[in-house]
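Visitor: compute the structure for the input listed below.
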Amino acid sequence: MKAATWSWDDGDWMRARVGRHGGDMPLALYCLSALDWYVSRFPLPLYWLDLAQELVPYVADLGFTHIVIDEALVGQPETGVCRFVETCHVAGVGVLVHRPTTASSTESEFLGWCQRCHIDGFEEDGDSNWAGGCRLFQSETTETSLTLYRRPQWRLASADYLALAPASRCRRYGDWVAALTPSEGERGLLEQMPDDRSALGQWRQTVHGDDWQRFAALRASLALMWALPGDKQVAMGVELGQMLSEPWPEPLHWPLLFESRHAGVLRLVADLNRFYVNEPAMQIRHDGHLGFEWLVDDDSDNCVIVFARHAESGHASMICLCNFQACVHYQYRFGVPSAGWWRETFNSDSVFYGGSNVGNGRGVTSEPIPSHGHAQSLAVTVPPMAALFLRHENWLGESP
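Guide: Okay, the predicted model is just below:
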């Protein structure tokens, strides 16, 4: 059976594609190898319906909006492709296909296949002129699309920064801050990690410190990515903290989830996705400086950064604080744009994620002590190797 004769049941998804792939709607992509994900659950050969029945609930529960599947899907019998895509759409999950630069089909043939099979877009490799990215179709056809431009600088700079001993990180602090600063003019796609098993396997050897520091650094890096402006992309295995296991298991090693630290990474990814979808300040104004404000970008000695994300009028601002030293900073003061009560809404050092549970309880109240160019400031407890999110909730300065 060809796709043209398939009786589709995903009309609601297709009609809503303009809204899903436009404006400032949050996008979180989960990249996978179909074969590797499948053999971690089933014996070969690969049956696409079996894959969909296991993969789709897993991805949806983690809060990802789309999957990016490798080119294994291209060239499969269209009946199987249609059934797989329809299962994803009915569950509210979009489907993108990785299209390598060496693809044998012409672009028009590939786009025709995408349209027949209701594929939502595709990922392209980079070249000497650009870093690559994703194109998401914005209608029921493939005529209009939204392009997400990959921003690898933040990840590469963070990896270089974390590879240094904490005492040496002050030398690269400025480069790190510059790489984190969002650029104007394009909608960025932030990734953690590259969809490359060798790079994932090297992560454990790259990050300086013991296993506790490596897990804490991974949790903080993931939280930082979700806090920065831009859409999100995660390769399979990252959500299990799989790059921190030794030896590096292939393809996916589900027994890792019996270990609390690995299970904590999975919970953290799910919570970050829910946070991203439900917090206007974290999802709006992806493509420019508006909505992003550095609060602390000069504390190289303590390896701490602080920035604010501002939503449109009527929605609360958010503050993200990251500490990449394995020590606690007590009474750490920085200026804030608004007076009042700031609730601690997320802490990557929570025991729930495998951390040491250092934090600020429900939150903190600002004080009329000038700092960092602001009339009001907060004095917070900064957990080790961790990221905090604070939401502005009460102008009166009282705990709600």
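
Visitor: Val380 touches Asn323, doesn't it?
Guide: No: the pair Val380 / Asn323 is not scored as a contact, 10.3 Å apart, by Cβ atoms under 8 Å. Just so you know, the C-beta spots here come from the backbone N, C-alpha and C atoms, and that holds for glycine as well.

Visitor: which neighbours do these two share?
Guide: Counting by Cβ atoms under 8 Å, 6 or more residues apart in numbering, Val380 and Asn323 have no common neighbour.

Visitor: ok, these two, which is more surrounded?
Guide: The neighbour comparison of Val380 against Asn323 (other Cβ atoms under 10 Å) goes to Asn323, with 26 against 23.

Visitor: next one: that one from Ala179, what distance?
Guide: 18 Å (Cβ to Cβ, to the nearest Å).

Visitor: quick check: which element contains the spatially most central residue of the chain?
Guide: Compute the mean C-alpha point of the chain, and by Cα atoms, centre = their mean the closest residue is Lys232, 3.6 Å away. In this structure, Lys232 is located in strand 231-235 according to DSSP states H and E.

Visitor: now for that strand, which elements pack on it?
Guide: strand 28-32, strand 188-191, helix 260-278 (3 or more Cβ pairs under 8 Å, 6 or more residues apart in numbering; DSSP states H and E).

Visitor: buried ones in the longest one?
Guide: Just to be clear, that refers to helix 260-278. Using 16 or more other Cβ atoms under 10 Å as the burial criterion, the residues of helix 260-278 that qualify are 261-266, 268-269, 271-273, 275-276.

Visitor: give the closest residue to the residue nearest to the centre of the chain in space, chain neighbours not counted.
Guide: Leaving aside its sequence neighbours, Lys232 sits nearest to Ala28 (Cβ to Cβ, 6 or more residues apart in numbering; 4.5 Å).

Visitor: show me where the stretch 101-250 of the chain has helices.
Guide: Assigned by DSSP state H, counting those that start in this stretch, the stretch 101-250 of the chain shows helices spanning 107-116, 153-163, 173-180, 197-206, 211-227.

Visitor: nope, the stretch 251-400 of the chain is what I was after
Guide: Residue ranges of the helices in the stretch 251-400 of the chain, as given by DSSP H, counting those that start in this stretch, are 260-278, 280-283.

Visitor: which other helices and strands does the last one contact?
Guide: Packing partners of helix 280-283 (3+ Cβ pairs under 8 Å, 6+ apart): helix 260-278.

Visitor: average pLDDT across the helix it packs on?
Guide: Across helix 260-278, pLDDT averages out at 96.

Visitor: who are the packing partners of it?
Guide: Short answer (3+ Cβ pairs under 8 Å, 6+ apart): helix 260-278 packs on strand 28-32, helix 48-62, helix 211-227, strand 231-235, helix 280-283, strand 341-347.

Visitor: looking at the ones you listed, which is buried most?
Guide: Burial of these is given as mean neighbour count (mean count of other Cβ atoms under 10 Å); strand 231-235 ranks first at a mean of 25.
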